[in-house]
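Engineer: I need the structure of the sequence given here:
(one chain, ligands or ions: 1)
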Amino acid sequence: MIQTDICIIGAGPVGLFAVFEAGLLKMRCHLVDVLPQVGGQLSEIYPKKPIYDIPGYPEVNAQQLVDNLMKQIAPFHPTFTLGEKVKMVSRLDDGSFELTTSEDTVIRCKAIVIAAGLGSFEPRKPAIEGLEKYEGKDKGLLYMIKDPEFFRGKRVVLAGGGDSALDWTLFLANVAGRLTLIHRNETFRGAPDSGEKVFALAREGKIDLYMNADLQSVEGDGKLSAITFLDKDQQTVKIETDYLVPLYGLSPKLGPISNWGLALDKNNIQVNTLDYSTSIPGIYAIGDINTYPGKLKLILCGFHEAALMAHSAFKYVYPNQKPSFKYTTVSGVNEF
Ligand code: FAD
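Structural biologist: This next block holds a predicted model:
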């Protein structure tokens, strides 16, 4: 079981910066994100795009901003649970909270900060009957790659034609025992340079590539053992495999957060703009996930919300202590 002062749901830019603001006030943070990496929308949707409205940076690449935030919070040693979704929140008798994730990780904390952005990114799944029977690491069907080493020496089929499918094809070509990529169109959606490299691997016989191929079915006795697809000539092809990883992109859903009894406005959490507290004492919501009159879904607005939230959360975490407000130019950044 993980124990911390504040559990932050969502490791996007706003969740990450909240660690810094909490750290200045000597509060420890644990972050949970359903994605296998930190950075939220910046790392998942637009890592290579430049951002122009971060104060002090005339231009900063999205992934660079995430990397800088990780550097900035390093002195406060945040801990992470990645690739898991927070599903349940309950209040314990002493007023603290217990959170449970999709993989049954349990986190106990004194306050919760929801920095869940657009919601939890859920994989788009192929429309194939009976797919759910094979979902999970032990059954052969995965929608995300957390640890590429897991596939070392295994037969793997990837499906998709976006950046994620291309990048993982390039990476796993040297890891998997046999790698196949099937894509339903005749061109890739991902970066042209990555597409060229994938075609080159296929020409060299290092991977099997099927374009214009339409995934039809999966089979196996308890564990996935083969997939079939219609090839470009509409012929049925069967491939024996250990794993199938459809990488059709992710779409955000509010998900379990909608069932926690928080006051909501459509898909956003209503907050008090004095401190970004929600309708449940001890639970705060910052960044894209919250709503209030005049709300702007911008990174810099989320950063501001994180600072005000931290000062209020301090009073919740340490009810008998007074928060002291000091400029970092005066106090410095005092590592834990
Ligand atoms: P997010 O970045 O959405 O991160 C939230 C995280 O929470 C996600 O990683 C998600 O997986 C996780 N999560 C959600 N629910 C759960 C759960 N139950 N359990 C576990 N994890 C969960 N803003 C700007 O200021 N300037 C720009 O130039 C700009 N350009 C943009 C360009 C594009 C293409 C897009 C899509 C957005 C742009 N934005 C820009 C908006 C900006 O990306 C968002 O304001 C910012 O990402 C919000 O940060 P966040 O941390 O609140 O949420």
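Engineer: residue ranges for the helices of this structure, please.
Structural biologist: Assigned helices in the chain, in chain order: 13-24, 40-44, 62-73, 163-172, 192-203, 299-317, 328-331 (criterion: DSSP state H).
Engineer: which helices and strands sit right next to the third one?
Structural biologist: If you count contacts as 3 or more C-beta pairs under 8 Å, 6 or more residues apart in numbering; DSSP states H and E, helix 62-73 packs onto helix 13-24, helix 40-44, strand 50-51. From N, CA and C alone the C-beta is placed, and that goes for glycine too.
Engineer: just the fourth one next, same as before
Structural biologist: The elements that helix 163-172 packs onto, with contact taken as 3+ C-beta pairs under 8 Å, 6+ apart, are strand 155-159, strand 178-182, helix 192-203.
Engineer: again, only using 10 Å
Structural biologist: Here helix 163-172 touches strand 155-159, strand 178-182, helix 192-203, strand 243-246, going by 3 or more C-beta pairs under 10 Å, 6 or more residues apart in numbering; DSSP states H and E.
Engineer: who are the neighbours in contact with the most centrally placed residue in the chain?
Structural biologist: Closest to where the C-alpha atoms of the chain average out (C-alpha atoms, centre = their mean) is L35, at 2.3 Å. Shown in contact with L35 (C-beta atoms under 10 Å, 6 or more residues apart in numbering): 10-12, 41, 43-44, 82-85, 120-121, 144, 146, 250.
Engineer: hang on, the earlier thing: for K232, which of the helices and strands packed on helix 62-73 is the nearest?
Structural biologist: helix 40-44 (31.0 Å; C-beta to C-beta).
Engineer: what's the neighbour count on G140?
Structural biologist: For G140, the neighbour count with other C-beta atoms under 10 Å is 24.
Engineer: quick one on the thing from earlier: which of the helices of the chain has the highest mean neighbour count?
Structural biologist: helix 13-24 (a mean of 27; mean count of other C-beta atoms under 10 Å).
Engineer: Quick one: list the elements packing against that one.
Structural biologist: Using 3+ C-beta pairs under 10 Å, 6+ apart, helix 13-24 sits against strand 2-9, strand 29-33, helix 40-44, helix 62-73, strand 106-114, helix 299-317, helix 328-331.
Engineer: for these, which one sits closest to P192?
Structural biologist: That would be helix 62-73 among the helices and strands packed on helix 13-24, by C-beta to C-beta, at 19.6 Å.
Engineer: contacts for that closest one?
Structural biologist: Contacts for helix 62-73 (C-beta under 10 Å, 6+ apart): 11-23, 29, 31, 37-51, 54, 57, 60-61, 78, 299, 303, 333.
Engineer: re earlier: nearest to the ligand, out of the helices of the chain?
Structural biologist: Taking C-beta to the nearest ligand atom, helix 40-44 is the member of the helices of the chain nearest to the ligand, at 2.3 Å.
Engineer: Is that closest one positioned near the ligand?
Structural biologist: Yes. Interface with the ligand: helix 40-44 contributes G40, Q41, L42 (C-beta under 6 Å from any ligand atom).
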